[in-house]
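1. Okay, structure incoming, though there's no sequence with it:
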């Protein structure tokens with residue numbers, strides 16, 4: 001498997017879209033277009049849909065009564081945009097420097113290389129690229145070796161292509177979503193026991209879960225949010241995300257598990273909407 005083949009998107013299920021509630025649509029939308037490099041796909045009153053190559057990745061919905069979420073609230077830790085290649089990551093880093101963007105972190109996670117920042121309303125963002133899966137270290141139980149090591153930014157910048165930045169590279173996707181929750185064990189009880197995601201790695205206070213052997217499609221942590229209560233509907237930040245199924249059998253098995261566990265479900269034109277224990281909406285589609 002070569003770099004850029006987006007292993008994350010070929011698994012039985014993956015995160016393909018995130019929706020944020022914002023207080024100032026114009027400012028936040030401009031940031032995701034100018035700094036992150038997303039392109040407008042749809043614009044409605046109070047709502048922008050942004051993406052790459054015509055593929056919707058992020059919906060921003062403005063609410064007049066949107067209240068700032070405290071740092072300790074359940075919700076979004078970061079949305080992670082997966083770039084196809086290391087060259088694309090270098091190109092974005094160079095662009096960020098030209099935009100005078102303040103990075104909040106830069107890490108080598110063994111399976112990936114990642115850059116971190118926040119949008120104007122404090123929503124966390126990760127921009128990353130994956131190493132090839134044959135470069136990852138899998139343990140006998142199927143989990144994967146991950147770490148947080150220093151990323152050499154000088155070496156990364158050396159791979160910047162000699163051309164102007166024209167937005168996120170074609171093939172960019174939502175690689176994963178990282179959530180703040182109130183309890184890791186309770187989160188695993190929902191995402192693993194009910195939704196069927198496999199636990200791929202543990203950090204102190206965090207769990208990383210996925211389908212199909214990916215390092216993680218959904219991560220949860222309690223680093224800021226231990227014992228957090230369910231989110232209020234008018235909070236800024238994460239309104240919900242979509243888990244898309246490539247595998248019809250896995251989709252039907254998940255729906256059966258939800259019915260057996262009597263998890264409330266609502267059918268919409270996009271799929272089945274459920275809520276996790278912290279009132280984070282998840283749309284299941286196939």
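-> Yes, it's here. Keep in mind it's a predicted model, so treat the numbers as computed, not measured.

2. what stretches of the stretch 151-286 of the chain score poorly on pLDDT?
-> By pLDDT under 70, the stretch 151-286 of the chain has no low-scoring segment.

3. Show the residue spans covered by the helices in it.
-> 153-157, 184-191, 248-260 (DSSP state H, counting those that start in this stretch).

4. which strands and helices sit next to the first one?
-> Think helix 153-157. helix 86-98 (3 or more Cβ pairs under 8 Å, 6 or more residues apart in numbering; DSSP states H and E). Glycine gets a C-beta too; all of them are placed from N, C-alpha and C.

5. which other residues reach the helix it packs on?
-> Helix 86-98 is contacted from outside by 3, 35, 37, 83, 103, 113, 115, 117, 127-129, 153, 156-161, 165, 168-169, 172, using Cβ atoms under 8 Å, 6 or more residues apart in numbering.

6. do the same with stretch 154-163
-> 86, 87, 89, 90, 91, 93, 94, 97, 113.

7. Quick check: buried residues in that stretch?
-> 156, 160 (16 or more other Cβ atoms under 10 Å).

8. and among the helices of the stretch 151-286 of the chain, the most buried is which?
-> Across the helices of the stretch 151-286 of the chain, averaging neighbours per residue (mean count of other Cβ atoms under 10 Å) puts helix 184-191 on top, at a mean of 18.

9. Next up, the contacts around residue 195.
-> Applying Cβ under 8 Å, 6+ apart, the residues near residue 195 are 243, 254, 257, 258.

10. same thing with residue 105?
-> 114, 115, 116.

11. The residues you listed into JSON lines, with extra columns for distance to residue 62 and neighbour count?
-> Below are these laid out as JSON lines (distance: Cβ to Cβ, whole Å; neighbours: other Cβ atoms under 10 Å):
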{"residue": "114", "distance to residue 62": "29", "neighbour count": "22"}
{"residue": "115", "distance to residue 62": "27", "neighbour count": "24"}
{"residue": "116", "distance to residue 62": "25", "neighbour count": "16"}
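
12. quick one on the thing from earlier: now, which of the contacts of helix 86-98 lie within strands?
-> 83, 113, 115, 117, 127, 128, 129 (DSSP state E).

13. Can you pick out the most distant pair from these?
-> Comparing every pair within the ones in strands among the contacts of helix 86-98 by Cβ to Cβ identifies 117 and 129 as the most remote, at 15.6 Å.
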